[in-house]
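J.: Next comes the sequence, and after it the predicted model I'd like to discuss.
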Amino acid sequence: MMDNSRNTGNLARVERVPILGVGIDNVDLAEALDRIGEFVARGEPGLVVTANPEIVMLAQKAPGFKAYLDNALLVTADGIGIVIAARLLGRPLKQRVTGIDLTTALFQQAAVRKYRFYFVGAKPGVAQKAAENIRRDYPGIEIVGIEHGYFTDDTRIIEDIKASKPDILLAALGMGKQEKWIAERVQPAGVPVSIGVGGSFDVFAGEAKRAPKWIQDAGIEWLYRLIKQPSRFRRMLQLPKFLIAVLVSRIFSVR
C-alpha cells in the first residue's frame, strides 16, 4: 500500500493528497505556519510551494520541475482548482492556503518569532516598496535583504544571502523559475525556508490589488483576476484542462 504522507525529519507525518502525481499536503494555515516554524528551528534548507493548477500541469511535462515539488518541505493548495480536484478525487483538503495568505501570516508572527526575511524578485523598486509597506504594517519585522528579480548574474545576491543569514527567503520570479532558482541556488546557500511567492510583492507594494474578501471566500478570485487582466486568458485555460485531467485520472483509478 502506498504511503501517502510526507515525513520531514522529526516532524509528524502529514497526509499528502496526490493530484496528477503531485503530493499536496493536507494542512490548514495554522498547521502550515507551525511546520514552517519547525523548519526554521531545524535549519536544514528547503522549499515551500503554494501550488495552483498551473504548477501541477507544468509538473506533468517537466520532470525536473516535478522533482522540486517532490522534494519540497511543504506543498500547500494555493488555487481553488486544487481544492476542487481533491474533492473530485474523494480526498478533500482542510483548507486552501494561498501564498499571499501564508506570507501575510508569517509577517504577523515575525516580531514574536524573530524571523529574518530576505526578498528577491519583481521589477526594480517593487520589492523595496513592498518592504517599506510591510515594515510599516508589521512593526518589529526584520527584512535583511532586498533584491529585484531582473538580474542576469546572481553571484553577488547569493553571497549577500549567505552573509545576511535569513530564516525565510521569498522569491517572486514567476512560476517555475522561482522554484528552480531556490532549489539550485538558494538551498545550497543554507536558507532554512524559501517560498516562491509569484506576484505577491506587487500586492504588498500596492501595485496590484487582491480580490475583495467575499470573492476570495467564494473561490472565484481567478475570475476577478481575469476581469482585471484579460491578458491572463491563455493562462486561465489551464484550469479546465487541469480539471479534465483530474477527472480522467479518477476514471482510470477506479477501473
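T.: That came through, no problem.
J.: Every contact and neighbour count from this point should use C-alpha atoms.
T.: Noted.
J.: where does the stretch 151-255 of the chain dip in pLDDT?
T.: 209-212, 214-237, 253-255 (pLDDT under 70).
J.: Just the helices from it, written as ranges.
T.: All helices of the stretch 151-255 of the chain, identified by DSSP state H, counting those that start in this stretch, fall at 155-164, 177-181, 200-204, 213-218, 221-228, 233-236, 238-253.
J.: Quick check, central residue of this protein?
T.: T50 (2.9 Å; C-alpha atoms, centre = their mean).
J.: Distance check, it against G198.
T.: Look at T50 and G198: by C-alpha to C-alpha, to the nearest Å, they are 10 Å apart.
J.: and what of E132?
T.: Note on E132: its distance to G198, by C-alpha to C-alpha, is 19 Å.
J.: Mean confidence (pLDDT) on stretch 24-43, please.
T.: Per-region confidence: stretch 24-43 scores 97 on mean pLDDT.
J.: what does that stretch rub up against?
T.: When contacts are defined by C-alpha atoms under 8 Å, 6 or more residues apart in numbering, stretch 24-43 is touched by residues 5-6, 11, 14-18, 51, 74-77, 93-97, 102, 105-106, 167-168, 190-193.
J.: Show the buried residues in those.
T.: Buried members of these, scored by 16 or more other C-alpha atoms under 10 Å, are 5-6, 14-18, 51, 74-77, 93, 96-97, 102, 106, 167-168, 190-193.
J.: Helices - which of these land there?
T.: L102, L106 (DSSP state H).
J.: from the buried ones among the contacts of stretch 24-43, which ones fall inside strands?
T.: Mapping the buried ones among the contacts of stretch 24-43 onto strands (DSSP state E) picks out 5-6, 14-18, 51, 74-77, 168, 193.
J.: Is it possible to get JSON lines of those that adds distance to F119?
T.: What follows is those, written out as JSON lines (distance: C-alpha to C-alpha, whole Å):
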{"residue": "S5", "distance to F119": "31"}
{"residue": "R6", "distance to F119": "28"}
{"residue": "V14", "distance to F119": "28"}
{"residue": "E15", "distance to F119": "30"}
{"residue": "R16", "distance to F119": "29"}
{"residue": "V17", "distance to F119": "30"}
{"residue": "P18", "distance to F119": "31"}
{"residue": "A51", "distance to F119": "20"}
{"residue": "L74", "distance to F119": "19"}
{"residue": "V75", "distance to F119": "20"}
{"residue": "T76", "distance to F119": "20"}
{"residue": "A77", "distance to F119": "22"}
{"residue": "I168", "distance to F119": "9"}
{"residue": "V193", "distance to F119": "12"}
